[in-house]
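K.L.:
coords please:
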Amino acid sequence: MDIKSFYEPGSGTWTHLLADPDSAVAAIIDPVWVYDSVSGQADEAFIENVLEAVQQAGYRLEWVLETHAHADHLSAADFLRRRTGARIACGRGICQVQETFARVFNLSGTATDGSQFDRLLVEGDMLPLGELRIRVIETPGHTADSLTYLVNDAAFVGDTLFAPAYGSARCDFPGGDAAQLFDSIARIHALPDATRLFFCHDYPKDGGEPVNSVTVAESRRDNIHVGGDTRKVDFVAMRRKRDRQLALPRLILPSLQVNILAGAVPQPDDNGVTYLRIPFNCSLDELVNMRPVQERGDKA
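P.N.:
Next up is the predicted model:
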């Protein structure tokens with residue numbers, strides 16, 4: 001098993017390359033498409049670097065695996081599918097995320113059945129990667145669609161866990177639940193001690209090196225939010241208090257419009273230009289909780 005990790009500093013995100021060298025097939029997990037929200041420009045240099053590593057190793061890309069619908073960076077999943085023919089997989093919970101954010105952005109023509117993805121995954125599914133078998137573990141809490149991918153002694157945990165010094169992910173997005181997150185982390189911490197946990201993010205302090213993985217034993221012992229004998233009631237109280245103080249991710253609005261489409265951008269307008277939608281003077285909470293026009297009885 002060959003694992004290479006690539007760090008995108010703008011969003012603090014890890015993209016992982018997983019391969020079976022004997023079969024020369026590979027998967028990319030949580031690919032980042034760099035986007036500048038000020039200029040509206042997308043930059044493929046980062047994901048091209050990952051793809052170059054695939055090609056230099058002589059691998060064929062079979063899968064693009066999303067651990068969840070990210071709210072802090074754009075996914076390069078569709079870019080990779082178009083370039084290589086790889087299939088995109090994510091959790092079946094994406095349908096719930098699509099329903100929520102198609103409503104938030106008033107994307108009335110957007111399918112919310114997950115059909116933008118090639119495979120929707122549930123607990124216990126097994127994905128083949130050459131001679132490797134990738135086991136799917138549902139780990140909700142940060143989001144409703146969060147998954148962990150377990151293969152041999154490596155688990156790709158998405159945002160369910162961070163490096164020990166940073167703790168755990170927020171749970172205040174639609175579908176998030178701190179009690180569920182605690183239970184999901186407990187499942188991960190029940191894996192064998194030597195299992196390596198590969199993170200989706202790290203945010204090192206100035207001058208520090210980002211951490212891409214630790215062992216289960218290290219996480220169980222040292223994680224500042226759930227290490228040692230942390231009780232569920234205390235974790236939930238901490239997480240809820242902390243989440244109330246957090247600002248929204250800088251790229252949440254463009255990210256979710258693209259990521260619910262498996263990393264594809266919306267269809268261009270009649271002038272040939274693709275646009276992303278930014279709600280004006282209306283909070284995300286208001287949009288999430290807004291009832292459809294038909295239910296409100298609003299006049300056209």
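
K.L.:
My guess is Leu253 contacts Pro279. True?
P.N.:
Yes. Using CB atoms under 8 Å, Leu253 is in contact with Pro279, at 7.5 Å. Where you see a C-beta, it was placed from the backbone N, CA and C, and this is true even at glycine.

K.L.:
The two: who's more crowded?
P.N.:
Leu253 (19 against 13; other CB atoms under 10 Å).

K.L.:
C-terminal to the helix or strand containing that one, what's the next element?
P.N.:
Counting by DSSP states H and E, the element that carries Leu253 is helix 252-259. Following helix 252-259 in sequence order, the next helix or strand is helix 284-289 (DSSP H and E).

K.L.:
For that next one, which helices and strands make contact with it?
P.N.:
The contact analysis (3 or more CB pairs under 8 Å, 6 or more residues apart in numbering; DSSP states H and E) places helix 284-289 against helix 94-104.

K.L.:
now the strands for the stretch 151-300 of the chain?
P.N.:
Using DSSP state E, counting those that start in this stretch, the strands of the stretch 151-300 of the chain run over residues 154-158, 196-199, 213-215.

K.L.:
just to revisit the earlier point, which residues are in contact with the helix holding Leu253?
P.N.:
Contact with helix 252-259 is made by 33, 35, 37, 66, 69-75, 97, 101, 104-105, 107, 249, 264-266, 276-279, 284, as judged by CB atoms under 8 Å, 6 or more residues apart in numbering.

K.L.:
correct me, but Ser146 touches Ile137?
P.N.:
No. The pair Ser146 / Ile137 is not scored as a contact, 9.7 Å apart, by CB under 8 Å.

K.L.:
re the thing from before, angle of the helix holding Leu253 against helix 94-104?
P.N.:
130 degrees (axes from the mean of the first three to the mean of the last three CA atoms, to 10 degrees).

K.L.:
for helix 252-259, the distance to its chain's centre please.
P.N.:
12 Å (CA atoms, centre = their mean, to the nearest Å).

K.L.:
Which strand residues bridge Leu127?
P.N.:
Beta-bridge pairing of Leu127 under DSSP bridges involves Ile134.

K.L.:
List the buried residues of stretch 277-286.
P.N.:
Leu284 (16 or more other CB atoms under 10 Å).

K.L.:
and if you look at stretch 115-132?
P.N.:
Gln116, Phe117, Asp118, Leu120, Leu121, Asp125, Leu127, Leu129, Gly130, Leu132.

K.L.:
That one: end-to-end distance?
P.N.:
26 Å (CA to CA, to the nearest Å).

K.L.:
Neighbour count for Ser146 and Ile137, which is higher?
P.N.:
Ser146 (29 against 20).

K.L.:
mind listing what the more buried one touches?
P.N.:
Ser146 neighbours (CB under 8 Å, 6+ apart): Thr67, His68, Gly91, Gly93, Glu138, Thr139, Pro140, Gly158, Asp159, Thr160, Ser184.

K.L.:
Apart from its chain neighbours, what residue comes closest to the first one?
P.N.:
Taking CB to CB, 6 or more residues apart in numbering as the measure, Thr67 lies nearest to Gly158, with 2.8 Å between them; neighbours along the chain are not counted.

K.L.:
how many other residues sit next to that neighbour?
P.N.:
Residues near Gly158, counting by other CB under 10 Å: 28.
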